[in-house]
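what's the 3D shape of this:
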Amino acid sequence: MDWKSKRVTALLEQALREDKATKDATTAITIDPTLRVSGTMIAKQECVLSGVGCIPRFLEIFAQYDTHQSGRFEVISHPEIFDGVRLRPGQAIAVIRHNARVILACERVILNLLQHMSGVATLTRRFVDEVKGTKVKVLDTRKTMPGMRVLDKYAVRCGGGENHRLDLSDGILIKNNHISLGGGLKKVLAAALERREPGRTVEVEVRTFEELNLALDGSAEAILLDNMTPAEIKKAVDIVRGRGLRIPLEASGGIVLDNIRKYALAGVDGISVGALTHSAAAVDLSMKITAEIY
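Numbers count the residues shown, from 1 in each chain. So this is what the prediction gives:
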């Protein structure tokens, strides 16, 4: 993850501005402005870590907008702590040594982002664990928090999942609305194959075996099997492979932790799960702040 990219920097800047981090009214009237402290970030539950790089980056951005001289900061973490690692309850993630005013001002935005991203990574890992032993890839979708996609999709990778399309420009996926508005599956697919840019794969979403056969007759190069049961998925896989085709097959729709393994065993190559990013619960992290003694 490039934490200094323009997109990520803008997101972190917005988080600090939203919280008016440089105008902490409580800290300004209660804390000695010269006090140095240590803030230890701690996992309070078992989880998969994602977003640790945001800690120093938030502090760097805060310093650019801060009108006070707060000194230099230090972020210390053990070599075994990195994005994608499983954390135990009570395990320290990192220690921040800095001016108390700055740590108190940035504490909430740092925790918010780490809790959210680690929540996505943790849920993704649960899905990945469920299909262990198969060759199926657990894929994310575009069902991400507005403005958060680059971080949400990074968190999915930290959990062992893989990214599907990053955005609408990243690949061709013909869905139901394209088919109904574009004159039918046969017409839309033919247009996509004719007009696509070189190197782009044309994938078609199908919901019935009739649509599947139409897509295959029209030379679709990948198939998304939507809202089918595991048994229907198995039949669809048999139809495709029975034609001697080795095109990628993906399943989606109604797939949860309790049934993902059944879908994986049905023979698809990938399973896309919107819940990875739209339904992940934030994990429980905290920051313990103590004054440094000289």
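
mind listing what's buried along the longest helix seen in the chain?
Looking across the chain with DSSP state H, the single longest helix is helix 100-130. Using 16 or more other C-beta atoms under 10 Å as the test for burial, helix 100-130 gives 100-107, 109-111, 113-128, 130. All C-beta atoms are positioned from the backbone trio N, CA, C, and that covers glycine.

how far is the host helix or strand of Tyr154 from where the chain is centred?
Using DSSP states H and E, Tyr154 falls within helix 149-158. Computed by C-alpha atoms, centre = their mean, to the nearest Å, the chain-centroid distance of helix 149-158 equals 3 Å.

how far off helix 100-130 does that helix point, in degrees?
Relative orientation of helix 149-158 versus helix 100-130 (axes from the mean of the first three to the mean of the last three C-alpha atoms, to 10 degrees): 50 degrees.

helices and strands around helix 149-158, which ones?
Counting contacts by 3 or more C-beta pairs under 8 Å, 6 or more residues apart in numbering; DSSP states H and E, helix 149-158 packs against helix 6-18, helix 100-130, helix 275-278.

show the subsequent helix or strand relative to the first one.
Beyond helix 6-18 on the C-terminal side, the first helix or strand identified by DSSP H and E is helix 25-30.

can you give the contact residues for that next one?
With contact meaning C-beta atoms under 8 Å, 6 or more residues apart in numbering, helix 25-30 is reached by 100-101, 104-105.

ok, those residues vs Val237, which is closest?
Closest approach to Val237 among the contacts of helix 25-30 (C-beta to C-beta): Ala105, at 54.2 Å.

what about the strands in this structure?
Remark: strands assigned in the chain by DSSP state E are 36-43, 47-48, 74-76, 86-87, 92-99, 137-139, 172-174, 202-206, 222-226, 249-252, 270-272, 285-291.

report the angle between the fifth one and helix 100-130.
Read that as strand 92-99. 160 degrees.

what do you get for the last one?
Between the axis of strand 285-291 and that of helix 100-130 there is an angle of 150 degrees, by the same axes, to 10 degrees.

so what does strand 285-291 touch, helix or strand wise?
Helices and strands touching strand 285-291, by 3+ C-beta pairs under 8 Å, 6+ apart, are strand 36-43, helix 100-130.

about what we covered before: so how far is the longest helix of the chain off the chain centroid?
The answer for helix 100-130 is 11 Å, by C-alpha atoms, centre = their mean.

offset the numbering so it begins at 43, please.
With the count now opening at 43, the last piece we talked about shows up as helix 142-172.

how about the strands of the chain, which one is nearest Pro98?
Comparing the strands of the chain by C-beta to C-beta, strand 116-118 comes nearest, at 4.8 Å.

tell me the mean pLDDT for that closest one?
Taken as a whole, strand 116-118 carries a mean pLDDT of 97.

ok, and what's touching that strand?
For strand 116-118, the external contacting residues (C-beta under 8 Å, 6+ apart) are 97-98, 101, 136-140.

list the buried residues of it.
Val117.

re the thing from before, and which of the contacts of strand 116-118 is nearest to Asn218?
Ile97 (42.7 Å).
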